[in-house]
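# Mind looking at a prediction? Sequence and model below.
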Amino acid sequence: MPITADRPNRTRRSSDLSKHSAEVFAEAENHPVTVTRRDGEALVLMSQREADGRARLLEFAAQLITVAIEDHGTLAERMAKAFPWMLALSPADRESCAQDLVDAARASFSTEQPHLALAELTSWKETATALAAGLGSTDLEWLDDNETVERP
């Protein structure tokens, strides 16, 4: 059974848009709202952020499907073809990244929460970008646990 069966009913009548528009719009900022109409097919009202997230997730899904149907190389090698920024990661990190992205995508698809996969994708891409810029090669100077630092 899909997880949507456990969610509260998020349906409004079209007359609610004219009578209680502020309430319906506020609801649509938090989650998509189905607007039913007597004279036509139901419509869905959602924020631009929600629509953009769904579009990005579909684009990501298309890339994952392309990776999945290829039969040459490991998952990490095939993913690096689809996402060239992965080449900035170490081979071990590429393996972790590939598996993390697949796992996050599965979680996103099964829970209808695009942000899970998109956050994982963004996190790994930003890590690769930072490594490519040389930010991972600097030795860090850690402060002792008991050492305090004066305010600037």
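The structure has been received and is ready for your questions. Numbers count the residues shown, from 1 in each chain.
# Take the helix or strand bottoming out on mean pLDDT in the chain, keep the C-alpha atoms, and write them as PDB.
Ranked by mean pLDDT, DSSP states H and E, the weakest helix or strand in the chain is helix 14-19, scoring a mean of 88. Below are the C-alpha coordinates for helix 14-19, written out as PDB (Å, rounded to 0.1, in the frame of the first residue of the first chain):
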ATOM      1  CA  SER A  14     -13.400  24.700  -6.400                       C
ATOM      2  CA  SER A  15     -15.800  26.900  -4.500                       C
ATOM      3  CA  ASP A  16     -13.300  26.900  -1.600                       C
ATOM      4  CA  LEU A  17     -10.900  28.900  -3.800                       C
ATOM      5  CA  SER A  18     -13.400  31.800  -4.000                       C
ATOM      6  CA  LYS A  19     -14.800  31.500  -0.500                       C
END
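# List the contacts of Lys19.
By C-beta atoms under 8 Å, 6 or more residues apart in numbering, Lys19 lies in contact with nothing. Any C-beta I mention is one placed from the backbone N, CA and C, and that applies to glycine too.
# quick one: contacts for the nearest residue to Arg37 once chain neighbours are set aside?
In space, and not counting its chain neighbours, Arg37 is closest to Ser14: 4.6 Å by C-beta to C-beta, 6 or more residues apart in numbering. Counting by C-beta under 8 Å, 6+ apart, Ser14 makes contact with 35-38.
# Drop anything exposed from those.
Val35 (16 or more other C-beta atoms under 10 Å).
# Columns distance to Trp124 and pLDDT on top of the contacts of Ser14, output as TSV?
Below are these laid out as TSV (distance: C-beta to C-beta, whole Å; pLDDT from 0 to 100):
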residue	distance to Trp124	pLDDT
Val35	37	93
Thr36	41	92
Arg37	42	90
Arg38	48	90
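# thinking again about what came up before, kindly provide the distance from the residue nearest to Arg37 to Val24.
Ser14 sits 10 Å away from Val24 when distances are taken as C-beta to C-beta, to the nearest Å.
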